[in-house]
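Visitor: Got a predicted structure plus its sequence, pasted below:
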There are 2 protein chains.
Amino acid sequence: MGAHPHGDGKMTDVRTMGFTDVRATNLAVVLRHLRTNGPSSRAAIAASTGLNKATVSSLTSDLIDQRLLRETGASGNRIGRPGTALTLDGSAFAAIGLQVAADRITALAVDFAGDQLLLWHRAFTSPPEAAGPGRAISAIIALAQRAATRVRQQGRSVLGLTIAVPGLVDDRGMVRLSPALGWSDVDLRGPVAGSLRQPDLVVTVSHQAILAALAERQRAALAEDNLVVVTGAAGIEAGIVVDGRPLHGARGFTGQIGRLTLGPAGSPTLHDLAGIEPLARRALPGFDPESLTDLGPSVEQISVLARSGDAGVLAALRDTGRHLGQGLAILANLADPSVIVLGDHYATLAEWLIPPAEAELAGHTPAPGGVRVVASELGLHAAALGGALSHLDRVDHGRSIPVTA
Amino acid sequence: MGAHPHGDGKMTDVRTMGFTDVRATNLAVVLRHLRTNGPSSRAAIAASTGLNKATVSSLTSDLIDQRLLRETGASGNRIGRPGTALTLDGSAFAAIGLQVAADRITALAVDFAGDQLLLWHRAFTSPPEAAGPGRAISAIIALAQRAATRVRQQGRSVLGLTIAVPGLVDDRGMVRLSPALGWSDVDLRGPVAGSLRQPDLVVTVSHQAILAALAERQRAALAEDNLVVVTGAAGIEAGIVVDGRPLHGARGFTGQIGRLTLGPAGSPTLHDLAGIEPLARRALPGFDPESLTDLGPSVEQISVLARSGDAGVLAALRDTGRHLGQGLAILANLADPSVIVLGDHYATLAEWLIPPAEAELAGHTPAPGGVRVVASELGLHAAALGGALSHLDRVDHGRSIPVTA
């Protein structure tokens, strides 16, 4: 977290600049260059983007005025004489991601340079469905307000806030169905947006696995156009990116991999065969899903037992990994990813799940070349990170250039 | 087929015009307007596209010179006084689609206005794998040459030729694996392109289900951004369009739905449970897949028996439909289409397959709203049509504006 090096406590407004489309496009080109390549001189930006030097000077001057860029002492460009380098400026703007799971809410904020400003976890039990989502929404609002207040106290304006939820989320941010949370037809966006007292603040609600995929793609090794993240938590979901685009679908209801089955209704689903809770039930004799508030400790316990060589736990992990691999094979045969990332609790258990999953995958996919299966390195808050990054991405693509007051 | 009303026998070359990007984009806007809306006056084009009238006059003048548009007598615009309407001109250019299946090759050509110029079927048995693909390629080349010659004799230049194949086709048009054809690592594009003696002719090889999806989306009722075509032939494959784009994937290997299974390697696949050949085996006592050259007559026989009320055949169809519905549910849960089209031989049997498939689909998809399941109306050559249309689409999107010599 840490104090911000450039904050001057002055509040800034987030408004869209009145630039022409071409200018917004070019500003975005400069931002994306710096996001991808790190600190660069004006000459290096011109050489790499094809914009002429005068245009780059004018664009970067505007971006410095808007506190989206700042000058650093030395150029990152090693060729030629050292010049003044430009880098993304994190001092004026930040973005917030909230991640709602069955057992916790996470808040994460990053500044415009992508540096993490805060990461908070809050224990949370989604109330029984009959009680309605009211208390859960209150808890989410409280955390959102606290995160926004903290960011503003540091002198930054909030570019946007995205809430990641498991389940089916429609285009308007309505949670249509979330078995993990026990919700159906819950308007989460409206109450949260209303509580933040900044009418122009962009608040969105999105599918957690899609946001996790967005976060994973920021990792250099996973900057792939065809990538799937499979998140193992209270349910199993997939964030599917094909040809560089996350699959959204007719209503936003993609990646519901936990429900996969090839049998009549009532047959075991992929979740029954490869879910985290069914694994815990099998691997941990004392496991009681009814009293469950947090899967994390059970998953830790499974990993400790596996490391100690517990034969029963290892067999349960092998079985889960095999079935998971059958699910991954379905994804591979339909979407042809080059890499599949195991996220959320699957990442903790990846060393035991990946070998049997890969063997099964190879047996079910005839395609030459195959697909890599890797563990997420982003922990249990990948979707919160993806939610925050989505707002930087919006700026980087010229869809909204914030302006300081 | 029929003689062409405007052909003058003069040969034209297909070259890309030396237009700037902006001009190519605007030319494409005009073409797309006419493709979607039918004959329109210059004023109507200007009003609908936002281009000013002088620009529209200049663009349409170029397009008339290039024989991509022509004037018709009366305007299709009913408002205001009748003016001269413009319509797409089919006289100078055509595109060819070839569809290779296990039991036949189909050639189809359309002119630039989208009117069908020829549709030929040729019986064909893919030689046993050990014999190699040589004879099959020769048969494909012969049909491609015949179609190109016919089109040219009618005075049209060939914009491009696309070959639709079942199985895994990579980015360079190499057929990496096609169980239906018994092929692996077959270069189909090279030999066909070489045989057509027109070096600038665009020849592509693509996945048949994706091309079928492209063709279905031209039907007004199916102009959906989220659509899946499931083709039942020697195998089962899906052409998946999400958010307006066909899924291509890391290597072009999407939609391999026939291989789906949720069990260890060797478990029944969706093809085993819901394929056309397993259905025929069950429904027709005398069916001998070894002597199979064409599934068509068996499918016809199944439909005749079903219509006559044959209980065994109806039970086999119900069972196939149920399993097919389980496969469609997987597609629905992963890709969230608004419509699923049953294509190829499934279309012939759709009236018996759709009710049990829809019931199964509803039981497996929790998403509110659901998905329509419809039968293809494009017959067994949807992929050939999609292959031909893909070249008109290329022109309509300004990626290649042909120029008459």
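Guide: That came in fine, so what should we check first? Numbers count the residues shown, from 1 in each chain, chains lettered A, B, ... in the order given.

Visitor: what does the helix-or-strand element of chain A with minimal mean pLDDT contact?
Guide: Between all helices and strands in chain A, the lowest mean by mean pLDDT, DSSP states H and E belongs to helix A:21-37, at a mean of 89. Contacts to helix A:21-37, defined as Cβ atoms under 8 Å, 6 or more residues apart in numbering or on different chains, come from residues A:17, A:19, A:40, A:44-45, A:48-49, A:51, A:55-56, A:59-60, A:62-63, A:68-69, A:76, A:86-88, A:114, A:392, A:395-398, A:401. The way it works is simple: take the backbone N, C-alpha and C, and place the C-beta from them, glycine included.

Visitor: Same question for stretch A:116-124.
Guide: Stretch A:116-124 is contacted by residues A:1, A:4, A:94, A:100-101, A:103-111, A:136, A:139, A:143, A:146-147, A:150-151, A:154, A:156, A:293-294, A:381, A:384 when judged by Cβ under 8 Å, 6+ apart.

Visitor: For the residue of the stretch 251-400 of chain A found nearest chain B, which non-adjacent residue is spatially closest?
Guide: Per Cβ to the nearest Cβ, A:Asp336 is where the stretch 251-400 of chain A lies closest to chain B, at 2.6 Å. The shortest distance from A:Asp336 to any non-neighbouring residue, by Cβ to Cβ, 6 or more residues apart in numbering or on different chains, is to B:Gly249 (2.6 Å).

Visitor: Going by residue numbers, what spans are helices in the stretch 201-350 of chain A?
Guide: A:208-216, A:270-274, A:276-283, A:295-307, A:311-335, A:345-348, A:350-364 (DSSP state H, counting those that start in this stretch).

Visitor: residues contacting A:Leu63?
Guide: A:Leu27, A:Val30, A:Leu31, A:Leu69.

Visitor: out of those, who has the most neighbours?
Guide: A:Val30 (25 neighbours; other Cβ atoms under 10 Å in any protein chain shown).

Visitor: Helices of the stretch 1-150 of chain A, residue ranges please.
Guide: According to DSSP H, counting those that start in this stretch, the helices that the stretch 1-150 of chain A contains are A:21-37, A:42-49, A:53-65, A:134-153.

Visitor: Pull out the buried positions in the least confident helix or strand of chain A.
Guide: A:Arg23, A:Ala24, A:Asn26, A:Leu27, A:Ala28, A:Val29, A:Val30, A:Leu31, A:Arg32, A:His33, A:Leu34, A:Arg35 (16 or more other Cβ atoms under 10 Å in any protein chain shown).

Visitor: For A:Gly160, grab the count of nearby residues.
Guide: Around A:Gly160 there are 24 residues (other Cβ under 10 Å).

Visitor: oh sorry, the question was meant for A:Val299
Guide: Counted with other Cβ under 10 Å, A:Val299 comes out at 24.

Visitor: And the pLDDT at the closest residue to it other than its chain neighbours?
Guide: Nearest non-adjacent residue to A:Val299, counting by Cβ to Cβ, 6+ apart: A:His345, 4.7 Å away. Reported pLDDT at A:His345 in the predicted model: 96.

Visitor: number of nearby residues for A:His345?
Guide: Around A:His345 there are 25 residues (other Cβ under 10 Å).

Visitor: which residue does the stretch 151-300 of chain A bring closest to chain B?
Guide: Closest point on the stretch 151-300 of chain A to chain B, by Cβ to the nearest Cβ, is A:Gly249, at 2.6 Å.

Visitor: Any chance of a ChimeraX selection covering the buried ones in the contacts of helix A:21-37?
Guide: The following ChimeraX line selects those of the contacts of helix A:21-37 that are buried, judged by 16+ other Cβ under 10 Å:
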select /A:40,44,45,49,51,55,56,59,60,62,63,68,69,76,86,88,392,395,396,398,401
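
Visitor: What residues does the stretch 301-405 of chain A have near chain B?
Guide: The stretch 301-405 of chain A comes close to chain B at residues A:322-323, A:326-327, A:329-331, A:333-338, A:360, A:363-369, A:371, as judged by Cβ under 8 Å from any Cβ of the partner chain.

Visitor: switch the cut-off to 10 Å
Guide: Residues of the stretch 301-405 of chain A lying close to chain B (Cβ under 10 Å from any Cβ of the partner chain) are A:322-323, A:325-327, A:329-339, A:359-360, A:362-371.

Visitor: ok, now which ones touch the residue of the stretch 251-400 of chain A closest to chain B?
Guide: For A:Asp336, the contact set (Cβ atoms under 10 Å, 6 or more residues apart in numbering or on different chains) comprises A:226, A:228, A:242-243, A:365, A:367, A:369, A:371, B:168, B:247-256.

Visitor: Show me which of these are buried.
Guide: Applying 16+ other Cβ under 10 Å to the contacts of A:Asp336 flags A:226, A:228, A:242-243, A:365, A:367, A:371, B:168, B:247-256 as buried.

Visitor: just checking, A:Ala144 touches A:Leu108?
Guide: No. Taking contacts as Cβ atoms under 10 Å, A:Ala144 lies outside contact range of A:Leu108: 11.6 Å.

Visitor: more neighbours, the two?
Guide: Between A:Ala144 and A:Leu108, counted using other Cβ under 10 Å, A:Leu108 has the larger neighbour count: 27 against 23.

Visitor: does the residue nearest to A:Thr204 when sequence neighbours are not counted count as helix, strand or coil?
Guide: Once flanking residues are discounted, A:Thr204 sits nearest to A:Thr162: 4.8 Å by Cβ to Cβ, 6+ apart. Following DSSP: H, G, I helix; E, B strand; the rest coil, the label given to A:Thr162 is strand.

Visitor: got a list of what A:Thr162 touches?
Guide: A:95-99, A:173, A:189, A:202-206, A:211, A:214, A:383-384, A:386-391.

Visitor: ok, and the closest non-adjacent residue to A:Leu68?
Guide: A:Asp89 (5.8 Å).

Visitor: quick one: that neighbour from A:Asp62, how far?
Guide: Distance of A:Asp89 to A:Asp62, computed by Cβ to Cβ, to the nearest Å: 13 Å.

Visitor: Find the residues that touch each one of these two.
Guide: Counting by Cβ under 10 Å, 6+ apart, the contacts common to A:Asp89 and A:Asp62 are A:Leu68, A:Leu69.

Visitor: about what we covered before: touching, the residue of the stretch 151-300 of chain A closest to chain B and B:Arg245? I think so.
Guide: No. Contact criterion Cβ under 10 Å: A:Gly249 and B:Arg245 do not qualify, at 11.9 Å.

Visitor: In strands only, show me the contacts of stretch A:116-124.
Guide: A:Ala94, A:Val100, A:Arg104, A:Ile105, A:Thr106, A:Ala107, A:Leu108, A:Ala109, A:Val110, A:Asp111 (DSSP state E).

Visitor: For beta bridges, what are the partners of the fourth one?
Guide: In this case it means A:Ile105. Beta-bridge partners of A:Ile105, counted by DSSP bridges, are A:Val100, A:Arg122.

Visitor: Who are the contact partners of it?
Guide: A:98-99, A:120-124, A:126, A:136, A:139-140, A:142-144, A:163, A:384.

Visitor: again with the third one
Guide: With contacts defined as Cβ under 10 Å, 6+ apart, A:Arg104 is in contact with A:His121, A:Arg122, A:Ala123, A:Phe124, A:Thr125, A:Ala233, A:Thr293, A:Asp294, A:Leu295, A:Gly296, A:Leu380, A:His381.

Visitor: buried subset of those?
Guide: A:His121, A:Phe124, A:Ala233, A:Leu295, A:Gly296, A:Leu380, A:His381.
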